[in-house]
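Visitor: this one's sequence-less:
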């Protein structure tokens with residue numbers, strides 16, 4: 001049976017240690033205890049993601065050894081929670097580890113954990129910083145006890161996949177740049193392999209020649225092809241004056257697949273804030289529209305949210321929606337002259353009046369979350385349109401899913 005690192009973390013933080021952390025954070029012991037699973041799973045997921053990258057496993061293995069995690073770290077951990085310099089050192093060490101694992105995405109991680117646990121963002125930040133060294137200490141003990149090398153550490157981390165998926169916030173996948181947490185882990189990329197070893201000896205001498213012939217044939221084929229003009233994705237989705245989105249059964253419609261959003265990458269806003277956003281997501285489309293001086297604010301150009309999820313039949317946003325909410329908030333901060341209108345939509349199933357009410361409540365819920373983050377309410381508006389203005393055929397489930405959405409348009413820029 002695989003070692004469950006989350007169980008070990010929970011045991012290490014039971015009783016007195018949980019009380020120390022709660023006192024330091026100014027949170028209740030029950031809040032701290034309830035946040036251990038999501039926070040620890042997030043750190044382990046970060047380790048798994050890092051270990052699957054080129055040289056990542058060796059980097060982790062080196063930190064385990066150079067950081068003193070293979071010795072008596074776990075015995076010293078409780079004393080580090082007593083306050084003063086011990087806790088300061090623990091937090092500093094943890095912050096360094098988190099930066100190593102998450103880089104510029106660390107702020108998003110703290111927001112996701114805060115939303116999932118109910119802890120204040122500052123408390124989530126400190127909680128993660130305390131947990132990171134503890135988890136490294138547990139890894140270090142396993143490494144020493146089992147005499148593991150870097151490959152053994154990767155195997156141990158990969159064995160945590162099911163445990164992590166059951167405890168981690170769903171929105172963590174966005175922080176890690178994954179379509180879902182099921183993609184976590186995997187062996188790190190290996191160095192390119194040379195000539196296959198199972199080729200007969202007399203062919204190995206011809207291998208470079210054969211590769212050269214193949215390259216020439218490929219080049220000739222490419223030259224004979226008619227050039228195709230690359231067309232960038234549309235910056236916005238045009239729909240009649242309504243707004244966008246809000247499903248009436250479950251979640252706001254997302255793209256047909258996570259791959260439709262493209263790869264996540266860092267994008268720097270004019271004020272220097274960096275976002276981790278997908279190539280074809282609403283954030284990049286919205287920014288492109290705002291910055292394009294040839295495109296005035298109008299009532300026809302809408303952008304559909306692609307990572308909002310509501311409780312079924314309700315206007316309650318799920319925690320995994322928070323990252324996109326935060327991104328829209330940062331965009332509004334970077335462009336202070338911009339105002340937005342949010343629109344909620346449903347499919348045509350059920351009572352039209354109930355759908356209209358739900359769509360209004362969902363549009364208002366998105367607006368309210370952004371107001372909570374500090375944006376002046378005067379810069380925002382929300383309206384529900386029920387089953388009006390569908391963007392797909394309601395006769396199919398796929399079409400109904402697309403019609404259940406929340407959109408936004410730029411009312412002023």
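Guide: Everything's here; your move. In this text, all values refer to a predicted model and were calculated from it rather than measured experimentally.
Visitor: centre of the chain to the longest helix that the chain contains, how far?
Guide: When the chain is scanned for its longest helix (criterion: DSSP state H), the result is helix 121-146. Centre-to-centre, helix 121-146 and its host chain are 21 Å apart (Cα atoms, centre = their mean, to the nearest Å).
Visitor: can you name the element that comes right after that helix?
Guide: Per DSSP states H and E, the first helix or strand lying C-terminal to helix 121-146 is helix 150-158.
Visitor: on the pLDDT front, check residue 214 for me.
Guide: Reported pLDDT at residue 214 in the predicted model: 64.
Visitor: what do you get for the one 10 residues further on?
Guide: pLDDT recorded at residue 224 is 51.
Visitor: and for residue 89?
Guide: 86.
Visitor: what sits against the closest residue to it other than its chain neighbours?
Guide: Leaving aside its sequence neighbours, residue 89 sits nearest to residue 80 (Cβ to Cβ, 6 or more residues apart in numbering; 6.9 Å). Bear in mind the C-beta positions are built from the backbone N, C-alpha and C, glycine included. Contacts for residue 80 were tallied using Cβ atoms under 8 Å, 6 or more residues apart in numbering; they are 86-87, 89-90.
Visitor: and with 10 Å instead?
Guide: 17, 20, 73, 86-91, 93, 130, 133-134 (Cβ atoms under 10 Å, 6 or more residues apart in numbering).
Visitor: go on, residue 412?
Guide: Applying Cβ under 10 Å, 6+ apart to residue 412 gives the contacts 296-297, 337-341, 379.
Visitor: how about it, phi and psi?
Guide: Note on residue 412: its backbone torsions stand at phi -160, psi 140 [degrees, to the nearest 10].
Visitor: after the helix or strand of the chain with the lowest mean pLDDT, which helix or strand is next?
Guide: Using mean pLDDT, DSSP states H and E, strand 237-238 stands out as the lowest-scoring helix or strand of the chain, at a mean of 40. As assigned by DSSP H and E, the chain's next helix or strand after strand 237-238 is strand 264-268.
Visitor: show me what that next one is in contact with.
Guide: Contacts of strand 264-268 (Cβ under 10 Å, 6+ apart): 103-105, 174-179, 273-279, 281, 283-284, 287, 327, 331, 334.
Visitor: now, which of the residues you listed lie within strands?
Guide: 274-278 (DSSP state E).
Visitor: quick check: buried residues in stretch 36-54?
Guide: 36-52 (16 or more other Cβ atoms under 10 Å).
Visitor: so how far is that stretch from its chain's centroid?
Guide: 12 Å.
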